[in-house]
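S.K.: Structure for this input, please:
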Amino acid sequence: MLLDDLMPWSAGPLRLGRDWVVAPEARTLRARWDTLIRAGEGERRTLFGETRARTLHSGVAALPGQSTGTARFAGESGPCPEPVPIMHGPFDQQWVIPDHRLIDNARPELWRVADGRQLFVQELGRVPGAAGPALLVSAALPDGRSPAGRPGRIRPLYRRPGGTEPNLAAGVLDALRARYGQKVTAAEVLAWIVAAGQPSVSGRGCEVPFTPDPGVWAEGVRLGQRLLDIQLRGAHGGERPRLPGGQRPYVRASLPARPQGMAYDADEEALLLGGGRIAPVPAEAWDFTVAGVRVLESWFERRTTTEAEPGTLDAIRPGAWPQERTSELLELITVLALLGRSEAPRKALAQAISASGPADPELAPVTDAARRPASVLDHHEEGPEGQFALI
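M.R.: Just a heads-up that it's a prediction; the model follows:
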C-alpha cells in the first residue's frame, strides 16, 4: 500500500524564500533580526531579500500558534520573535524565526496542528540506487528539505491538535483490529510504517506492505517503536538515545575554533575535525546516508560553509565553533549508529512479511476531503494588519 493512500493528508515542503531565517543557533537569528531592524529602508530591502511572494510591504497573517507582528515589515521595530526548532533537512534540527512575513510559504496548515502530541512524517524523494531510509519522523516541523534536491511530502500523524483524528485512511484501524484480534492505535500504525516502509519501485513515494500474521505485526511494531524513540531524541517525554557503555562517542582531542574539514579514520573508529578528534564513532554512523548523501558530512558542511556573501544576513554566524554544536554532533553520531544497527532487523522484518504473504487491508477509496486539512479553527487567528483571519 502506498503511504499516500495510508496517510492521505500531506503538504508540500516549506518554501522559505531566504536562507537567513534558519540557523543552527537561535542567537544567530536574533543577531540577524537586530541587524535587519536597525537598517534604513533601502538597506533593509537589500538585506531582506524580496521575492514575488514576500516584500517589505506584503500583508501576511501570523502563523498559527505564534505571537508575531502582522503589520507591514517595512515598519517593524520590535524584538525578534522567539525562534522555534525546525528540521532543516534529515537529522538536522535547527531554528527558524516563526514570522510568516519572512517566509514565502510556511504551510500554515501544518503549524495549525503542531503541538506537544504531533509527529511529522517526511517522505523522502527517491534517488534510484541510493541507500537510506524512505521516510523520517520528527516532533519538530520539517521543512521538507532533501540533501539530493528531491523533496518529498510532509504528513502529520494527526489531522487536529491534541492528538485527535489520526491522518489515516478511513477504516484502517478497524480493519487491522479485526485482522490481528486486538486494538490497534494510530501510534502503532506509525511504528509499523517506520519499520516496514520502503521506497516504492514505481517511484511514487513510500510503499508500506502489511502482513496477515499477528506475530509479524507485533514484531514490526516493536521494531518501529524503537526506531521512533531513536529518531525523536527524547521528544514528547521519551528517553534520549544512548549507545551501550564503552561504545559512546567522546571528544578525545578538543575541536578547533574553526574546523576546516571532516574525515573518518576507520581503523581507529575516529571522527577527525581539523585537529579535533571524536571516538569511538561506529562505521554505521559514518556510513549512514539519506538519498545517497552522507548525513554527518552534510551536517558539518551546513555549519562550516563560507559561501555566504559578505554584508548579507546569512553571513552573520558565530565566529567560532559553539560548544553546543559538539554536544549535538555527539548525539547525532549516537542516533545514526543506532539506526544503522537497526538495518539488519528491518531486513529480517521485510523477509518475514514476504514469507507470510503480504496482504494490504481492504479499504474504501480515499476521498478528496481526507486529502485536505481538517477545519480546526476554534480560536481567533490574526490576519494582516491585526484583522481577523478568515479561513
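S.K.: show me where the protein has helices.
M.R.: Here the chain has its helices, by DSSP state H, at 3-6, 26-38, 41-48, 108-111, 172-180, 186-196, 214-232, 283-286, 295-304, 323-341, 343-356.
S.K.: What helices and strands are in contact with the fourth one?
M.R.: Secondary structure elements in contact with helix 108-111, counted by 3 or more CB pairs under 8 Å, 6 or more residues apart in numbering; DSSP states H and E, are absent; no helix or strand qualifies. Yep, even glycine has a C-beta here, placed from its N, CA and C like the rest.
S.K.: Please export the C-alpha coordinates of that helix as PDB.
M.R.: Extracted in PDB, the C-alpha atoms of helix 108-111 (Å, rounded to 0.1, in the frame of the first residue of the first chain):
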ATOM      1  CA  PRO A 108       0.200  27.400   7.900                       C
ATOM      2  CA  GLU A 109      -2.000  24.300   7.800                       C
ATOM      3  CA  LEU A 110       0.900  22.300   9.300                       C
ATOM      4  CA  TRP A 111       1.700  24.900  12.000                       C
END
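S.K.: Tell me where the model's unsure across the chain.
M.R.: Counting by pLDDT under 70, the ranges of the chain that qualify are 126-130, 148-150, 202-203, 376-381, 385-391.
S.K.: What are the structural domain limits within it?
M.R.: Domains of the chain are assigned by automatic domain parsing as 3-242+345-386, 250-305+323-341.
S.K.: And the helices of the chain: which comes nearest Ala253?
M.R.: helix 323-341 (11.8 Å; CB to CB).
S.K.: tell me the angle of the closest one relative to helix 343-356?
M.R.: Here helix 323-341 points in a direction 30 degrees away from that of helix 343-356 (axes from the mean of the first three to the mean of the last three CA atoms, to 10 degrees).
S.K.: What residues of helix 323-341 count as buried?
M.R.: Under the neighbour-count criterion of 16 or more other CB atoms under 10 Å, helix 323-341 has 325-326, 328-340 buried.
S.K.: cool, and stretch 183-195?
M.R.: Val184, Ala186, Ala187, Glu188, Val189, Leu190, Ala191, Trp192, Ile193, Val194, Ala195.
S.K.: From Pro244, how far out is the third one?
M.R.: When distances are taken as CB to CB, to the nearest Å, Ala187 and Pro244 turn out to be 27 Å apart.
S.K.: just the last one next, same as before
M.R.: Separation of Ala195 from Pro244 (CB to CB): 22 Å.
S.K.: what residues are up against the closest residue to Gln225 other than its chain neighbours?
M.R.: Among residues not flanking Gln225 along the chain, Ala191 sits closest, at 4.6 Å (CB to CB, 6 or more residues apart in numbering). By CB atoms under 8 Å, 6 or more residues apart in numbering, the residues touching Ala191 are Gly220, Val221, Arg222, Leu223, Gly224, Gln225, Leu227, Leu228.
S.K.: just Pro79 next, same as before
M.R.: Per CB under 8 Å, 6+ apart, neighbours of Pro79: Trp33.
S.K.: what's the answer for the one 3 residues further on, then?
M.R.: Contacts for Glu82 were tallied using CB under 8 Å, 6+ apart; they are Pro98.
S.K.: ditto for His88
M.R.: Val22, Gln94, Val96, Asp143, Arg145, Arg302.
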